[in-house]
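*Asks:* how would this look folded up:
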Amino acid sequence: GAGQAAGGEQLVLIRFDGSGAALAFASPKHELLVKAIRSARARYATHTAAPAVAERAIRPADVPGTLLNVALLNCGSESATLRISAYRMLISVVATFNMDVGQELAFASDLCLPPNPLQFIFRICTRLSQTAPDMTQELLAEALLAFTKSTGSTKAWILHYVQPWLRALGQFTHNSEAHPDAVARTQDIVRSLARLHLKEPGMYMHFKEHVWSLLAEVDELTDVVLDTLVAVALEYGALTVEAELIADVLATAAGRNARYNKLVPRLRKLVAHTCTLSVSHIATHQLWPEIAVYMRLLLTISFSNTSLAEEYLPDIAFVTCMLLKAGPGLVQATLHGTVMHVVHSLALTQCNG
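*Replies:* Numbering: from 1, shown residues only. So this is what the prediction gives:
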C-alpha cells in the first residue's frame, strides 16, 4: 500500500505473509513501484505453479480419515475391479475404526458395484459425517489433495461425495482441546477450495453448486468463508479476473444467506479508517487498493439483493458520499452501478409490498 511521507514522497509498505514482517520505504514514483511489485508477484505465482493444495504430513489421528477418503475416491473409479476393491476397503475401514454406517455395508463375494454409485456413497458420507465428525477436516484435506491429481470425471465425483463433510465443517470454527488447530485447518480448507475453483474454469458451475451454495447455508462458516474469499480477492487486486470470480462466488453465497451482506459494514469501516492518515486524495491512501476490491465485491452482491438494500442503506449512503469522484473512471462506474443496484432492490421491495 502507499501513504503520504515527508518531502512530497509517498510511503510504500510491503507486508510478508506468514512472518508478520513489513518493509517500508519512500519514493516519488510509488505508483510505478507498487504496480511493478504486484506484476512480479503475479508472474512468480504463475511460473512457479505452486499447488493449490500443499502436500502434508499425516498424523496418527488422521489415519481413519485418510483411509476413508481413499476408499470413497476409488468407489467412483472407471475400473470395476478397483471399485469392488474400494468397496471392500470401505467395509474394512468402517469395521476397524468402529464407524457407524447403519445397514449400508455388507460383504459379498460376488458383489458388483455399479459405475457411478453416487447415491449410495452420498448416504454413507452423510451418515459418517454425523456419527464420526472428527474425521471431517482430514478427509476434506485428503479429498482436495486428490482433486489436484485427478481427471475431470474424478474431480466431479470428489465434489459430490465431500458435500456432507462440507456441512460438518461448521463444527470446526473454534479451537478446542480435542482440536487445537481447528480454525487454522478450516481456513486452509476454504482457501484451498477457493484456489482450486480459480484454477478449474471448466468446473466453475460444479464449485458454485456443490461447494459455495452449500457452505453458504452453514451459518457457523460465514465469517471464515467471507474472510478467506476477501483475502484471496485482495491477493489479486481489483478488476483482475480472479477477483471478479470471487465476487461472483460471494454473490452466490449472499443469495443463499443474508449474513454475507456484512461485507457492507466492513467496507464502511474501511472507508472511515482512512481518516487516520491524511492524504490529498483518498485514491492515494494506502487503503485504497483494499477499498477498490471491496467496491467490486459489493457491486456484484448488491444486485437484486433486497435484504442488503434495506438493512445497510445508511452504510451504502456513507460509502457513496465518501467515495464520490474518487479513483479512476471504472471505479466510479462501480460506485454508480452499486447505487443503481440498491435503488433497483428498494423498488422491488415496494412493488412486492
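*Asks:* and the longest helix anywhere in the chain, what's buried?
*Replies:* In the chain, ranked by residue count with DSSP state H as the criterion, the top helix is helix 329-352. If you call a residue buried by 16 or more other CB atoms under 10 Å, then helix 329-352 has these buried ones: 331, 334-335, 337-339, 341-342, 344-345. The C-beta positions use only the backbone N, C-alpha and C, and glycine is treated the same way.
*Asks:* report all helices and strands that that helix contacts.
*Replies:* helix 288-301, helix 306-311, helix 313-323 (3 or more CB pairs under 8 Å, 6 or more residues apart in numbering; DSSP states H and E).
*Asks:* that helix to helix 313-323, inter-axis angle?
*Replies:* 160 degrees (axes from the mean of the first three to the mean of the last three CA atoms, to 10 degrees).
*Asks:* ok, the closest residue to residue 152 other than its chain neighbours - how many residues close by?
*Replies:* Using CB to CB, 6 or more residues apart in numbering and skipping residues adjacent in sequence, the residue nearest residue 152 is residue 202, 7.0 Å away. Number of residues near residue 202 (other CB atoms under 10 Å) recorded here: 8.
*Asks:* likewise residue 174?
*Replies:* By the criterion of other CB under 10 Å, residue 174 has 10 neighbours.
*Asks:* can I see the domain layout of the chain?
*Replies:* The chain resolves into domains spanning 2-52+262-352, 60-175 when parsed by automatic domain parsing.
*Asks:* from the chain's centre, how far out does the shortest one sit?
*Replies:* Right, the one you point to is domain 60-175. Relative to the chain's own centre, domain 60-175 is displaced by 23 Å; criterion: CA atoms, centre = their mean, to the nearest Å.
*Asks:* re the thing from before, I'd like the helices and strands packed on helix 329-352 as CSV, with mean pLDDT and distance to residue 141 appended.
*Replies:* Converted to CSV, the helices and strands packed on helix 329-352 look like this (pLDDT from 0 to 100; distance: least, CB to CB, whole Å):
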stretch, mean pLDDT, distance to residue 141
helix 288-301, 95, 27
helix 306-311, 94, 34
helix 313-323, 94, 37
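*Asks:* dump these to JSON lines, plus mean neighbour count and distance to residue 214.
*Replies:* Output for the helices and strands packed on helix 329-352, formatted as JSON lines (neighbours: other CB atoms under 10 Å; distance: least, CB to CB, whole Å):
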{"stretch": "helix 288-301", "mean neighbour count": "23", "distance to residue 214": "18"}
{"stretch": "helix 306-311", "mean neighbour count": "18", "distance to residue 214": "20"}
{"stretch": "helix 313-323", "mean neighbour count": "17", "distance to residue 214": "28"}
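*Asks:* which residues sit against stretch 85-96?
*Replies:* Here stretch 85-96 makes contact (CB atoms under 8 Å, 6 or more residues apart in numbering) with 64, 67-68, 70-75, 77, 99, 101, 105-107, 111, 113, 124.
*Asks:* excluding its backbone neighbours, what's nearest residue 344?
*Replies:* Nearest one to residue 344, counting by CB to CB, 6+ apart, is residue 304 at 6.9 Å.
*Asks:* same question for residue 222.
*Replies:* Per CB to CB, 6+ apart, closest to residue 222 is residue 259, 4.5 Å.
*Asks:* now swap in residue 291 and tell me
*Replies:* That would be residue 270: by CB to CB, 6+ apart, it lies 5.7 Å from residue 291.
*Asks:* ok, now which ones touch the one you found?
*Replies:* 287, 290-291, 294.
*Asks:* and which of those is nearest to residue 206?
*Replies:* Residue 206 lies nearest to residue 294 out of the contacts of residue 270, by CB to CB, at 27.4 Å.
*Asks:* just to revisit the earlier point, drop anything exposed from the contacts of stretch 85-96.
*Replies:* The buried subset of the contacts of stretch 85-96 - by 16+ other CB under 10 Å - is 64, 67-68, 70-75, 77, 99, 101, 105, 113, 124.
*Asks:* before we move on, the earlier item: mind putting the helices and strands packed on helix 329-352 into TSV with distance to residue 161?
*Replies:* Listed next are the helices and strands packed on helix 329-352 as TSV, based on distance: least, CB to CB, whole Å:
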stretch	distance to residue 161
helix 288-301	29
helix 306-311	33
helix 313-323	40
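*Asks:* report pLDDT for the closest residue to residue 292 other than its chain neighbours.
*Replies:* Sequence neighbours aside, residue 238 is the residue nearest to residue 292 in space, at 3.7 Å (criterion: CB to CB, 6+ apart). pLDDT, residue 238: 92.
*Asks:* got it, and residue 199?
*Replies:* pLDDT, residue 199: 94.
*Asks:* that one - how many residues pack around it?
*Replies:* 13.
*Asks:* next, work out how far apart it and residue 147 are.
*Replies:* 10 Å (CB to CB, to the nearest Å).
*Asks:* same thing with residue 101?
*Replies:* Applying CB to CB to residue 101 and residue 147 gives a distance of 24 Å.
*Asks:* give me the low-pLDDT residue ranges for the stretch 51-200 of the chain?
*Replies:* Applying pLDDT under 70 to the stretch 51-200 of the chain flags residues 51-62, 106, 108-110.
*Asks:* all helices for it, in order.
*Replies:* Using DSSP state H, counting those that start in this stretch, the helices of the stretch 51-200 of the chain run over 63-74, 80-96, 118-131, 136-147, 152-161, 163-168, 182-199.
*Asks:* give me the residues contacting the fourth one.
*Replies:* Right, helix 136-147. Here helix 136-147 has contacts from 52-53, 55-56, 61-62, 64-66, 68-70, 72-73, 129, 154-155, 158-159, 161-162, 165-166, 168-169, 171-172, 179, 182, 185-186, 188-189, 192-193, 196, using CB under 8 Å, 6+ apart.
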